[in-house]
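> Pasting the sequence and the predicted coordinates here, then a few questions.
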Amino acid sequence: MSATTTFSPSCSFKPHITNHKPFFGKPTLTNQTSPILKPLKHKKRHVFKVVNEKVVGIDLGTTNSAVAAMEGGQPTIITNAEGQRTTPSVVAYSKNGDRLVGQIAKRQAVVNPENTFFSVKRFIGRKMMEVDEESKQVSYKVVRDDKGNVKLECPAIGKQFAPEEISAQVLRKLVDDASKRVLPTRIDVYAVLEVGDGVFEVLSTSGDTHLGGDDFDKRIVDWLAENFKRDEGIDLLKDKQALQRLTETAEKAKMELSTLTQTNISLPFITATSDGPKHIDTTLTRAKFEELCSDLLDRLKTPVETALKDANLSLKDIDEVVLVGGSTRIPAVQELVVKMTGKEPNVTVNPDEVVALGASVQAGVLSGDVSNIVLLDVTPLSLGLETLGVLEVGDGVFEVLSTSGDTHLGGDDFDKTLSIIVERIVDWLAENFKRDEGIDLLKDKQALQRLTETAEKAKMELSTLTQTNIRYQCAFGFVIVERMVAEAEKYAKEDKEKREAIDTKNQAESAVYQCEKQLKEVGEKVPSEVKEKVEAKLKELKDAISGGSTQTMKDALAALNQEMMQLGQSIYSQAGGAAAAADGGETGGAGKASGATDDGDDEVIDADFSDSK
């Protein structure tokens with residue numbers, strides 16, 4: 001099975017083609033971007049070969065995630081192992097090192113706040129200096145490594161995780177759960193794709209990656225903490241466990257205020273002092289909540305206006321608005337949409353599921369299941385060019401630029417900060433890197449190749465400079481990713497072994513129960529030697545359950561099943577013998593009655609019988 005994630009086809013699964021007005025979607029309450037979609041009229045035919053395997057669409061969300069696939073030509077949400085349509089994007093490690101993902105991780109967050117990781121998507125791809133404010137909003141510890149990158153500390157297992165590793169564990173659960181519920185096929189087919197009215201072009205995208213449901217929750221958390229500090233003189237934000245309880249309560253209150261005008265917030269025993277336990281018992285009205293979030297609501301306008309401006313559209317050109325993300329259920333958000341666009345938002349789809357549904361449609365296109373829709377996306381980020389000698393290129397139309405050598409991608413304004421290494425110091429650099437990081441680059445062919453390529457580029461620099469700055473972060477990043485993949489595979493293997501152990505134990509305990517029940521029912525109906533063998537294997541299985549390995553349980557279970565088969569055959573044989581004896585007795589009795597003349601004691605008289613009236 002393969003999976004594909006997508007950010008913007010969330011509205012394309014129901015193409016609105018009665019007219020050709022643009023289609024506008026999603027105020028950004030999912031930390032993603034807002035696309036403006038337009039159906040195209042041109043037609044073009046392509047013939048290509050499609051490998052028809054099941055492909056799923058995944059919405060890897062900040063708060064919740066979902067998986068969908070095309071079933072019977074319609075996008076369908078796939079439930080997780082717990083039977084839920086969405087999975088909390090939460091990962092936790094218990095005190096004994098067990099890894100928990102999803103709802104089970106979220107449930108224990110209050111009692112294990114420092115080892116429960118949520119909203120990690122906000123930290124992906126960012127430096128520590130960029131997330132000072134966000135790091136104060138979570139109950140776990142966010143630290144900086146020696147490269148300035150964000151790391152999440154897990155005291156339970158004494159390890160630091162990159163945010164990407166935590167999200168990868170959520171993604172793994174989504175894919176594993178989906179693979180158990182979707183039957184994959186692999187059939188080579190030839191498809192004819194007609195690109196016509198089902199083609200959608202994304203005209204523009206815009207979004208605020210720092211605006212999501214967690215931001216609304218934080219306003220309630222801060223309000224509760226501020227009131228408590230004013231009344232009791234205690235800062236609950238410094239108590240990790242209290243902060244986690246506040247966060248969960250704030251999310252619950254936000255949801256309730258979507259349908260109620262006020263909600264009661266009760267948090268008994270939130271903390272304690274020498275005077276005794278302290279509690280929170282207050283009421284939050286919808287009006288107060290909207291007041292607390294007024295600046296967040298104002299920030300919603302900017303991405304909408306930017307998307308329209310980039311697409312050269314006005315509000316009157318918008319045909320329909322689709323809301324995406326759970327927080328779009330907030331009445332104030334929906335009122336803002338109506339006020340800005342003059343249209344009621346489309347609420348025919350679940351905002352928690354619409355991204356996954358749209359992604360599944362795009363997945364269906366990629367796998368060949370969907371042939372009447374094509375999505376043309378845009379790149380929302382700016383692309384930069386740099387010429388030889390660090391000459392900046394201004395705005396305008398230019399001729400095609402050629403390169404004077406192999407090009408390399410860099411994230412800084414000037415490519416001088418790329419790694420520059422001379423061939424003669426490759427060994428020296430690798431030795432220092434191994435000493436500092438414990439990684440031997442010379443044993444990694446791809447890393448060594450990158451070192452050599454960079455050394456070639458250094459020749460030109462050293463022809464005009466007396467020294468150069470050596471930064472070889474590319475190799476480090478590559479090897480670290482390889483290490484993360486290896487660790488992820490290790491965790492996957494451990495998960496498989498743990499799941500196998502649990503399944504085996506469940507089967508063994510079920511077999512013990514069934515065996516004891518059957519022994520009680522048969523009583524003395526079977527030979528004692530057969531019964532003793534079963535009881536002996538039953539005891540072995542019980543001992544294996546108490547302290548044996550998974551393999552020991554499997555062996556004991558197989559042995560017990562073998563003896564249970566012998567027991568069943570014995571019961572069947574005895575039942576068959578008893579039935580035969582009963583049949584024989586009845587036949588013998590009948591024979592004796594009919595053959596009574598053999599004894600010579602009775603006389604048989606033949607007579608005719610007639611009915612007289």
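Arrived safely, thanks for sending.
> can you list the weak-confidence ranges in the chain?
1-53, 182-200, 376-485, 487-488, 575-613 (pLDDT under 70).
> Can you check which strand is longest in it?
For the chain, the longest strand by residue count, based on DSSP state E, is strand 262-273.
> which residues sit against that strand?
Strand 262-273 is contacted from outside by 224, 228, 232, 234, 236, 239, 242, 245-246, 249, 253, 256-257, 277-286, using CB atoms under 8 Å, 6 or more residues apart in numbering. From N, CA and C alone the C-beta is placed, and that goes for glycine too.
> Could I get the buried residue list for stretch 110-121?
Burial within stretch 110-121, assessed by neighbour count using 16 or more other CB atoms under 10 Å, is assigned to Asn112, Pro113, Glu114, Asn115, Thr116, Phe117, Phe118, Ser119, Val120, Lys121.
> hmm, back to that, pairing partners for the longest strand of the chain, with directions?
Strand pairing for strand 262-273, determined by DSSP bridges: strand 276-285 (antiparallel).
> which helices and strands sit right next to the very next helix or strand once past the partner strand?
The element immediately downstream of strand 276-285 (helix or strand, assigned by DSSP states H and E) is helix 286-292. Applying 3 or more CB pairs under 8 Å, 6 or more residues apart in numbering; DSSP states H and E, one finds that helix 286-292 contacts helix 213-232.
> angle of the helix it packs on against strand 262-273?
Going by axes from the mean of the first three to the mean of the last three CA atoms, to 10 degrees, helix 213-232 is angled at 60 degrees with respect to strand 262-273.
> So what touches stretch 143-163?
Contacts of stretch 143-163 (CB under 8 Å, 6+ apart): 93-95, 97, 112, 114-115, 117, 120-121, 123-124, 126-129, 131, 140-142, 166, 473, 476, 484.
> Can you tell me which of those are buried?
Buried members of the contacts of stretch 143-163, counted by 16+ other CB under 10 Å: 93-94, 112, 114-115, 117, 120-121, 123, 128, 131, 140, 142, 166, 476.
> Nearest to Ala536 among those residues?
Minimum distance to Ala536 across those is 37.1 Å, recorded for Ser94 (CB to CB).
> what's that closest one in contact with, if anything?
Applying CB under 8 Å, 6+ apart, the residues near Ser94 are Leu100, Gln108, Asn112, Asn115, Ala156.
> And for Glu500?
Thr550.
> Distance of it relative to Tyr513?
Applying CB to CB, to the nearest Å, the value for Glu500 to Tyr513 is 21 Å.
> before we move on, what about Ile77?
36 Å.
> How about Asp317?
Distance from Asp317 to Tyr513, by CB to CB: 67 Å.
> likewise Ala486?
Between Ala486 and Tyr513 the computed distance is 41 Å (CB to CB).
> Just say helix, strand or coil for Thr79.
On the three-state scheme (DSSP: H, G, I helix; E, B strand; the rest coil), Thr79 is labelled coil.
> Double-check it against Arg85; I have them as touching.
Yes - using CB atoms under 8 Å, Thr79 is in contact with Arg85, at 5.7 Å.
> Sort out which residues of stretch 528-536 are buried, please.
For stretch 528-536, by 16+ other CB under 10 Å, it's Val530, Lys531, Lys533, Val534.
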